[in-house]
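[1] Any chance you could fold what I've pasted below:
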Amino acid sequence: MEPIEPPADHVIWPVLVSLAECLCQQITDSGLPEPCFCGILPGGPEVAFDYCDSCEDGTCGQAWVRLGNVFPSTVFPAPQVDNAKCTSPLAFEVEVGIVRCAPAMGDEGQPPSLGDQFVTAQLAVADMMAMRRAILCCANSTKGRDYYLGAYSPIGPEGGCVGGSWATAFSEM
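    Numbers count the residues shown, from 1 in each chain. You can find the predicted model right below:
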């Protein structure tokens, strides 16, 4: 599928692109393992972990930026209750996440080792902090838009993947 030229949106799409670039660069700058995929994904309310374990070189993981909710907001970040004004500015939520392969059960059904669990938890926290740095550094360069960093939510283990995501909101103005 070919990208739309020129982009149909000049408000939300540039923020998604910028956040994805910041996220991918922050993973590298932080010395974290490169994921199989790092970029923008569609969908919701959850991302499919299609790329979590698809690396050819034996590495694992996927990092993404995804558009969440979009709503009118005249007092950011609160949604506007009275939608009678068709010119109300928008606010939009963005999810920034990383998942990695979760430690697996052994061939005979034994649980993952405590060492593997420890390393996985340690990497999840490092990923969480890298995502936070990417969001804050990138948000500060989004043309003066208001933003807030919401809550971090752990994900999984689900489908062999484990990690987490941050919710962030931006104003149109």
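[2] residues contacting the residue positioned nearest the centre of the chain?
    Among the residues of the chain, the one closest to the centroid is Val96, at 1.5 Å (C-alpha atoms, centre = their mean). By C-beta atoms under 8 Å, 6 or more residues apart in numbering, Val96 lies in contact with 19, 23, 64-65, 131, 134-135, 165-166, 168. Yep, even glycine has a C-beta here, placed from its N, CA and C like the rest.
[3] For burial, what's the neighbour tally of the closest residue to Ala48 other than its chain neighbours?
    Leaving aside its sequence neighbours, Ala48 sits nearest to Leu41 (C-beta to C-beta, 6 or more residues apart in numbering; 7.8 Å). With neighbours defined by other C-beta atoms under 10 Å, the count for Leu41 comes to 20.
[4] Number the residues from 429 up from this point.
    Understood, numbering begins at 429; the last thing we discussed is Leu469.
[5] Roughly how far does the residue of the chain positioned farthest from its centre sit from Val547?
    Centroid-distance maximum for the chain: Glu536 at 34.9 Å, with C-alpha atoms, centre = their mean. Glu536 sits 22 Å away from Val547, going by C-beta to C-beta, to the nearest Å.
[6] repeat for Ala448
    Counting by C-beta to C-beta, the separation of Ala448 from Val547 is 27 Å.
[7] Among those two, which residue is more densely surrounded?
    Ala448 (22 against 13).
[8] pretty sure the more buried one contacts Ile468?
    Yes - under the criterion of C-beta atoms under 8 Å, Ala448 makes contact with Ile468 at 5.0 Å.
[9] any shared contact partners between these two?
    Taking C-beta under 8 Å, 6+ apart as the criterion, Ala448 and Ile468 both touch 492-493.
[10] Would you state the helices of this protein in chain order?
    Using DSSP state H, the helices of the chain run over residues 440-457, 542-567.
[11] counting contacts, what elements does the last one pack onto?
    In terms of contacts (3 or more C-beta pairs under 8 Å, 6 or more residues apart in numbering; DSSP states H and E), helix 542-567 is packed against helix 440-457, strand 518-529, strand 575-586, strand 589-599.
[12] Pull the distance from it to the chain's centre.
    Chain-centre distance of helix 542-567: 12 Å, with C-alpha atoms, centre = their mean, to the nearest Å.
[13] the inter-axis angle of that helix versus helix 440-457?
    In terms of direction (axes from the mean of the first three to the mean of the last three C-alpha atoms, to 10 degrees), helix 542-567 departs from helix 440-457 by 130 degrees.
[14] picking up where we left off before, TSV for the contacts of Val524, including pLDDT, neighbour count and distance to Asp437?
    Formatted as TSV, these follow (pLDDT from 0 to 100; neighbours: other C-beta atoms under 10 Å; distance: C-beta to C-beta, whole Å):
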residue	pLDDT	neighbour count	distance to Asp437
Leu447	94	25	14
Leu451	97	25	20
Trp492	96	25	18
Val493	96	29	14
Met559	97	28	23
Ala562	95	27	21
Ile563	93	23	20
Ser593	96	27	22
Trp594	97	19	22
Thr596	92	25	18
